[in-house]
Each structure stands twice: as C-alpha cells, then as structure tokens.
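J.: Predicted model and sequence below, questions to follow.
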Amino acid sequence: MNFLNSPKFVTRSLIGAVGLSAIAFLGFAESASALTVVKGSDYWKTKNGSFFNFNDVVGNVEFISRPLGQWTPPGSSEPLKDSKGVTLNLKTDTVVRRLDDITFNTDAQDGEYGVSNVEVVALSLKSKSPVRYKGSLFNIFIDLNTNKQSTGTININEDRTFFSDFTVNFLPSFHPVSKGAATLSCADVFGTAPCDNFSVDLHGRNGKWTRRITEKVIQTEGPSQVRGVVGDINANIHTNLSKTQTDFFVIGIVEHDAGGAGHHTVRTAPEPLTILGSATAMGFGTFFKRKLGKKRQQDKA
C-alpha cells in the first residue's frame, strides 16, 4: 500500500544579519588561483507550498516550518551559541552539513569543481492545519529518523554553480489537538515496516552560489547566523577566512526533481544590501516518496 505518494517539500536556507566586519572577511580578491570552499552548515527554512500525500490515511497534508529553537547539534553537549555566548534561538527547521573542504583552481580553462559529502542533521516540520484521523484531529510533525543517517553529496563548481543529491530519512508523528489524548507514533498509524522506509531523494540542479554578500542576496527573517573559526562544522559564517578560502552562499533559482515524479522551481526575491546587515537565501523544491525495502516489494509481488 502506497501511504506516501509524491509530496512536495520546499525550503529556504537562511543566513542571518551580517555586519560590516563579516563583509570585510568575505570581500577578498578574486584573483587567487586556488580557492577553497570551507566545510560548514547550511540552515534552511521551509516555506508555504510544502506537502505530503498520505493517500487514504489522511490524504494530502501541507507542511510549514517548525523552528528548531535552542538546537543542540549532533556531537555537541549544549545548544548553539552566538559569539557572545548567548544561546541561539533558531527560526530555521533544517540543517545540512557540508562535511568536506573543496579546493579548485580558478585559473583553469575548462572549469573546476569539487565534491563534498553532506549530511542532513536536523529536520522539523508541522502540518499547516490539523488533520482528521479516526475521528480525532491531529497535528502531524515531521522529524529525522535518527536510526538512519541522511547523507549524500554536493558538487560545487568554480563557475559559481552547484548540484546536489541526498536522501533524507524521516518519521511522521501525530499530535492530538485535544488535551489529554495520546500522541501517535509513526508505527501506531502506518505500522513498523513502512516507517522504517519513509525517505526522500533530493536532486538539486542549476543552483547558483556566491563568495560575497551582494545585492542578489536577500533579507530573511530570524537569526540564523552561526559564526565560528575555519573547521567549525556548525558555522555558516567563518570569521578567520584567508584570501584563498570562502564560505558558501546560495542565491538565485534552484530546481529539484524526483526522477520524473515531479518538478519544482523556487525563485528568490532580491533585495539590496543594507548597512545594518544582510542575509542569503535559497529555495529548493522536490517531491517526497516512500521507498519500500526490496524484501517488502518481493513480498507484495
């Protein structure tokens, strides 16, 4: 039984307000022959239009962001903090780590590119409106399946383009609107075997990125600026970059596809850089699908 059939997921990555000091770090010369995109994290926010289709269980369900708030990264013992030691209250709902530095020769005639492994380390969504299941109203939450790593790769090109492929393993849960009612786990609703195989394959193409905070970078809501020194995997802004190092800021149009199951395009809305700060944003859209294990498919054959 196909519980989850080609829902769409649309997100927006965020980098919070960046002062002039940060811009100075990013404003290095373009003439260096070698350039390294340093590893770090990208913080995303889901936007309106994201949905899952649970077919005859609860039908088509639209999802919105459920902010991470005071989020503790994997491998850490305490929540993220800003440069002053104050705990960050993230308004983003998804975090993707780029696990490897990428270095290429900017003077190469044929263009250079590099590949980094990626891991999705946070996912937090909520149904836009309550859904009715067996006569009661529930809000559906989406979280990562922590029993399975959500991994893939990103290809970053010297010509300021990129593409990515990765799988997100996730779990829905049903939270009652009425007080006193019980929360239902994924297994309570769908059964253990289907819940072991809820996943999404993300295929991003024609993405664009920049080294600088520019007019093409748009302002976005909420703090999502995580500073750190080079090597800090949780940072999206590294404060001690050399002239041959850069962070990774995504701009423009990003398209994602799910192998013919659907297609979605997100366009950013450019706004000018301000003296007080700026932000970068990207969108990505795709279609979610549930993948059954080979054994389960054979059993149904």
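T.: Everything's here; your move. Numbering: from 1, shown residues only.

J.: How many neighbouring residues does the residue lying closest to K81 once chain neighbours are set aside have?
T.: Leaving aside its chain neighbours, K81 sits nearest to T87 (5.5 Å; criterion: Cβ to Cβ, 6 or more residues apart in numbering). Glycine gets a C-beta too; all of them are placed from N, C-alpha and C. Residues near T87, counting by other Cβ atoms under 10 Å, number 14.

J.: what do you get for K91?
T.: 18.

J.: Surely it touches R66?
T.: No. Between K91 and R66 there is no contact under Cβ atoms under 8 Å: 10.4 Å.

J.: where do the helices sit along the stretch 151-300 of the chain?
T.: 186-190, 192-195, 294-300 (DSSP state H, counting those that start in this stretch).

J.: Can you flag the weakest of these by average pLDDT?
T.: When the helices of the stretch 151-300 of the chain are compared by mean pLDDT, helix 294-300 comes last with a mean of 42.

J.: doesn't S41 make contact with F248?
T.: No. Using Cβ under 8 Å, F248 is not in contact with S41, being 10.0 Å away.

J.: what touches both of these two?
T.: Residues touching both F248 and S41 by Cβ atoms under 8 Å, 6 or more residues apart in numbering: R98.

J.: the more surrounded of those two?
T.: Between F248 and S41, counting by other Cβ under 10 Å, S41 is the more crowded of the two (25 against 22).

J.: Tell me the secondary structure of that one, please.
T.: Recorded secondary structure, S41: strand (DSSP: H, G, I helix; E, B strand; the rest coil).

J.: Sketch out the low-pLDDT regions of the protein for me.
T.: Scanning the chain for pLDDT under 70 picks out 1-32, 49, 107-110, 212-224, 252-301.

J.: Could you give the bridge partners of the closest residue in space to D188 that isn't next to it in sequence?
T.: Distances taken as Cβ to Cβ, 6+ apart put F174 closest to D188, at 7.4 Å, once the chain neighbours are dropped. Judged by DSSP bridges, the bridge partners of F174 are I140, L184.

J.: check contacts around F174.
T.: Contacts for F174 were tallied using Cβ under 8 Å, 6+ apart; they are 133, 138-140, 183-185, 188-189.

J.: List just the nearest of those residues to F104.
T.: Among the contacts of F174, I140 lies closest to F104 (Cβ to Cβ), at 42.5 Å.

J.: Tell me how many other residues surround the closest one.
T.: Per other Cβ under 10 Å, the neighbour tally for I140 reads 24.

J.: The stretch 151-300 of the chain: strands as residue ranges?
T.: 161-176, 198-210, 227-228, 237-238, 245-246, 249-251, 254-257, 263-266, 280-287, 289-290 (DSSP state E, counting those that start in this stretch).

J.: Show me what the third one is in contact with.
T.: Same thing as strand 227-228. Taking Cβ under 8 Å, 6+ apart as the rule, strand 227-228 contacts 22, 40, 82-83, 234-235, 237-239.

J.: Nearest to E112 among those?
T.: G40 (19.8 Å).

J.: what about the helices in the stretch 1-150 of the chain?
T.: Using DSSP H, counting those that start in this stretch, helices in the stretch 1-150 of the chain cover 20-26.

J.: could you list every residue that touches L137?
T.: Per Cβ under 8 Å, 6+ apart, neighbours of L137: 130-131, 176-178.

J.: ok, of the residues you listed, which come out buried?
T.: For the contacts of L137, a neighbour count by 16 or more other Cβ atoms under 10 Å gives the buried set as 130-131, 176.

J.: Going by distance to V168, which of these wins?
T.: V168 has its nearest neighbour among the buried ones among the contacts of L137 in V131, at 21.4 Å by Cβ to Cβ.
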